[in-house]
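[1] sequence and computational prediction follow.
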Amino acid sequence: MPVTGSRISVQVSLSGFAFKVGTTGSGWLGPDRVFTTPELQRRYDEVEISLFTPKCALVPTPCFESAAARSILSDVVKLKEEDAVSWIDVPEFGAMLVYSNTIGESLSKVLSQTLFTSSGNRAEVLPELYYILRDLPLCKEYNKMLASYHDGLLNLAIAQGKSLLLANTYDAVDFTTAEYFIFLAMKKLQLNPEVTTITFRTPLDTEDELSLYRYFKAVEQV
């Protein structure tokens with residue numbers, strides 16, 4: 001049955017998925033849980049599915065040409081001939097996000113064929129970085145920092161006010177390495193973590209959250 005006025009947000013990585021309904025999150029689950037998790041057998045007014053793909057590039061809208069999308073993305077990431085390339089508007093920052101969801105997994109496709117909106121529409125699978133950029137303006141402070149981390153991939157965006165300073169993905173084998181990239185980005189942008197709140201879209205375990213609290217003014221999750 002449809003759940004009126006509700007939304008489910010699903011994040012997908014190479015090893016599994018996590019979801020959030022309202023303020024309730026699942027933590028990370030294995031692919032075998034797709035067909036046994038009750039929350040995935042319902043319909044919602046809004047369905048969001050994000051994929052942890054490192055194959056992303058943000059391009060100012062005036063500089064973007066759809067015919068050059070593959071060339072633009074191949075300039076910053078390694079693409080295989082069979083990699084499908086897509087793009088989506090990021091109006092919050094006057095840019096287009098060019099991306100490929102071809103990363104050797106099929107779980108996101110299975111989820112998109114399982115989860116439907118209450119009107120019967122299937123959700124489009126979009127990069128996690130797209131939702132990072134979409135939600136970044138919701139951070140309340142002037143220095144805005146929004147991140148997600150799982151399966152060795154860090155998504156990170158930083159803004160001051162309405163000005164986007166950074167949007168990138170990083171290969172980080174563990175959370176300590178992810179923290180290194182976060183602090184490196186802040187150093188280059190001359191931002192002080194002691195007066196900055198960092199927000200994560202992904203679940204944080206207690207150890208990682210406490211590690212962040214050693215450096216940041218506050219650590220939040222959305």
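    Looks like it arrived, so ask away.
[2] can you check the pLDDT for the spatially most central residue of the chain?
    With distances taken as Cα atoms, centre = their mean, E128 lies nearest the centre of the chain, 2.3 Å away. Per-residue pLDDT puts E128 at 98.
[3] ok, it - contacts?
    Going by Cβ atoms under 8 Å, 6 or more residues apart in numbering, E128 touches 11, 50-53, 148, 155, 201. Quick note: C-beta positions are derived from backbone N, CA and C, even for glycine.
[4] for those, pick the one with the most neighbours.
    Greatest neighbour count in the contacts of E128, by other Cβ atoms under 10 Å, goes to N155: 29 neighbours.
[5] what comes up buried for whichever strand or helix holds that one?
    Per DSSP states H and E: N155 is located in strand 153-160. For strand 153-160, the neighbour count (16 or more other Cβ atoms under 10 Å) marks 153-159 as buried.
[6] OK, contacts around S108?
    12, 49, 51, 101, 125.
[7] what sits against S112?
    Counting by Cβ under 8 Å, 6+ apart, S112 has contacts 49, 122-125.
[8] and it, that one's in a helix?
    Yes: counting by DSSP: H, G, I helix; E, B strand; the rest coil, S112 is part of a helix.
[9] for L136, see how far away it is.
    Distance, S112 to L136, by Cβ to Cβ, to the nearest Å: 24 Å.
[10] repeat that for A18.
    20 Å.
[11] on that earlier part again, quick check: mean pLDDT of the strand holding N155?
    98.
[12] got the angle between the helix or strand just after it and strand 153-160?
    Scanning forward in sequence from strand 153-160 by DSSP H and E, the next helix or strand is strand 163-171. Relative orientation of strand 163-171 versus strand 153-160 (axes from the mean of the first three to the mean of the last three Cα atoms, to 10 degrees): 170 degrees.
[13] next one: strand 163-171 to chain centre, how far?
    Strand 163-171 sits 11 Å away from the centroid of its parent chain (Cα atoms, centre = their mean, to the nearest Å).
[14] run through who's touching the helix of greatest length in the chain.
    Ordering each helix of the chain by length in residues (DSSP state H) puts helix 175-188 first. By Cβ under 8 Å, 6+ apart, the residues outside helix 175-188 that reach it are 145, 147, 149, 154, 156, 158, 166, 168, 170, 172, 192-193, 196, 198, 208, 211-212, 215.
[15] one more time with 7 Å, if that's ok
    Helix 175-188 has contacts (Cβ atoms under 7 Å, 6 or more residues apart in numbering) with 147, 149, 154, 156, 158, 166, 170, 172, 193, 208, 211.
[16] so the third one bridges to which residues?
    It stands for L154. Y149, Y170 (DSSP bridges).
[17] enumerate every residue touching it.
    L154 neighbours (Cβ under 7 Å, 6+ apart): 147, 169-170, 172, 178, 181.
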